[in-house]
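A.B. asks: output the structure for:
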Amino acid sequence: MSNPASQPRIGIIGGSGLYHLDGLEELGWQKVETAFGSPSDELLLGRYKGKEVVFLPRHGRGHTLLPSELNHRANIMAMKQLGVKWIISASAVGSLQEEFKPCDIVLIDQFLDRTKRSVDQTLFGGGIVAHVAFAEPICAELRSMILEVARQESVSIHDGGTYINMEGPAFSTRAESVQNHRDGHAVIGMTNLGEAKCAREAEIAYATMAMVTDYDGWKPYDPHVTVEAVIEYLQRNSETAKQIIGRVIEGFDVNSSCSCHSALEYSILTQRELWPRETVEALRPVIGRFVDSES
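C.D. replies: From the prediction side, this is the model:
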């Protein structure tokens, strides 16, 4: 069930504290079902500075879902069904380099996949094959907007870096963390790659604010990451994220466009006459424009 928007919507995926934006007019929580099942939680619809926004608590309200339990396909499809064109993601990460300090933000531009979940990170299959371009997995336009606002707000932000997406839920071993540090990667987390892949297939522009909470485990004299330390920095990061997201939304032109919004243009390989009817219906929010153009 979708709720039509009067304009393209801006989606926010993150911790539960992010939807408490000062000035947000809450329109209510909405249950959304998708062909891939239920998203992490109901989605909050609201208005902020005249813009329509949709918020999804990534791990559910109260943080009830493990990273490996997240249904990325349902989360992104629910956003698509609600008319979301842009997604700003905020998530906790461990820093793999000295310069990325707790409470800093890293605007990542690349991913390394250390999961075993590739089948759960695509909307396609079931008789329709698509291969989207993913060399640049983060929307450059949306990322530059976030960067500009963060710099105006004097937030400690870093432009670019590789996000290692590990499986979790356990944190890295010391040996893993040391190796990731030596390889020169920026941060490590458990959630964002699946979101980015599905968002690209859904033709939604997506950017990640990687919010540093700790140094993972590579520093020889630094205490290993603990849940208590992560929670402390999560609370601080939440306020910074709200500050930036609010400013980005305020100055956002929701009717603007980028290449992410046409990612499927030359990506579907399966011949149209071979598309199974049930798969077409499941993917209609994403591929409807191709179906309708031939009807």
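A.B. asks: residues near residue 237, how many?
C.D. replies: 28 (other CB atoms under 10 Å). From N, CA and C alone the C-beta is placed, and that goes for glycine too.
A.B. asks: am I right that residue 285 falls within a helix?
C.D. replies: Yes: counting by DSSP: H, G, I helix; E, B strand; the rest coil, residue 285 is located in a helix.
A.B. asks: pretty sure it is touching residue 78, no?
C.D. replies: No: taking contacts as CB atoms under 8 Å, residue 285 lies outside contact range of residue 78: 9.4 Å.
A.B. asks: which of these two has more residues huddled nearby?
C.D. replies: Remark: of residue 285 and residue 78, residue 78 carries more neighbours, 30 against 19, as counted by other CB under 10 Å.
A.B. asks: the more buried one contacts residue 34, correct?
C.D. replies: Yes: here residue 78 reaches residue 34: they are 5.5 Å apart, a contact under CB under 8 Å.
A.B. asks: shared neighbours of those two, anything?
C.D. replies: Counting by CB atoms under 8 Å, 6 or more residues apart in numbering, residue 78 and residue 34 have no shared contacts at all.
A.B. asks: and the nearest residue to residue 276 once chain neighbours are set aside, how many neighbours?
C.D. replies: With sequence-adjacent residues excluded and distances taken as CB to CB, 6 or more residues apart in numbering, residue 276 is closest to residue 127, at 4.0 Å. For residue 127, the count of nearby residues is 13 (other CB under 10 Å).
A.B. asks: now for residue 127: which residues touch it?
C.D. replies: Applying CB under 8 Å, 6+ apart, the residues near residue 127 are 270, 274-276, 279.
A.B. asks: mind checking which of the residues you listed are buried?
C.D. replies: 275, 279 (16 or more other CB atoms under 10 Å).
A.B. asks: ok, the contacts of residue 127 vs residue 190, which is closest?
C.D. replies: residue 279 (29.4 Å; CB to CB).
A.B. asks: what's next to the helix or strand hosting that closest one, contact-wise?
C.D. replies: Assigned by DSSP states H and E, residue 279 belongs to helix 277-282. Defining contact as CB under 8 Å, 6+ apart, one finds that helix 277-282 is touched by 35-36, 125-128, 287, 291.
A.B. asks: cool, stretch 132-146 as well?
C.D. replies: Contacts for stretch 132-146 (CB under 8 Å, 6+ apart): 86, 88, 107-111, 193, 196-197, 200-201, 205-209, 244, 248, 251-252, 256, 258, 260, 263-264, 267.
A.B. asks: you'd agree residue 200 is in a strand?
C.D. replies: No: counting by three-state DSSP, residue 200 falls outside a strand, being helix.
A.B. asks: check what pLDDT it gets.
C.D. replies: We note a pLDDT of 98 for residue 200 in this prediction.
A.B. asks: contacts only, for it.
C.D. replies: Going by CB under 8 Å, 6+ apart, the list of residues near residue 200 reads 132, 134, 137, 206, 260, 263.
A.B. asks: which of the residues you listed lies closest to residue 70?
C.D. replies: residue 206 (15.0 Å).
A.B. asks: buried set for the helix holding residue 279?
C.D. replies: 279-280, 282.
A.B. asks: show me which of those residues is closest to residue 52.
C.D. replies: Out of those, the member with the shortest distance to residue 52 (by CB to CB) is residue 282, at 25.6 Å.
A.B. asks: quick check: that closest one vs residue 79, distance?
C.D. replies: According to CB to CB, to the nearest Å, residue 282 stands 16 Å off from residue 79.
A.B. asks: equivalent analysis for residue 14, please.
C.D. replies: 13 Å.
A.B. asks: which residues of the chain fall in strands?
C.D. replies: 9-14, 25-30, 43-48, 51-57, 84-95, 105-107, 110-114, 157-159, 162-166, 187-189, 205-214 (DSSP state E).
A.B. asks: mean pLDDT added to these, as JSON lines?
C.D. replies: Shown next, in JSON lines, are the strands of the chain (pLDDT from 0 to 100):
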{"stretch": "strand 9-14", "mean pLDDT": "95"}
{"stretch": "strand 25-30", "mean pLDDT": "90"}
{"stretch": "strand 43-48", "mean pLDDT": "95"}
{"stretch": "strand 51-57", "mean pLDDT": "95"}
{"stretch": "strand 84-95", "mean pLDDT": "95"}
{"stretch": "strand 105-107", "mean pLDDT": "96"}
{"stretch": "strand 110-114", "mean pLDDT": "97"}
{"stretch": "strand 157-159", "mean pLDDT": "96"}
{"stretch": "strand 162-166", "mean pLDDT": "97"}
{"stretch": "strand 187-189", "mean pLDDT": "97"}
{"stretch": "strand 205-214", "mean pLDDT": "94"}
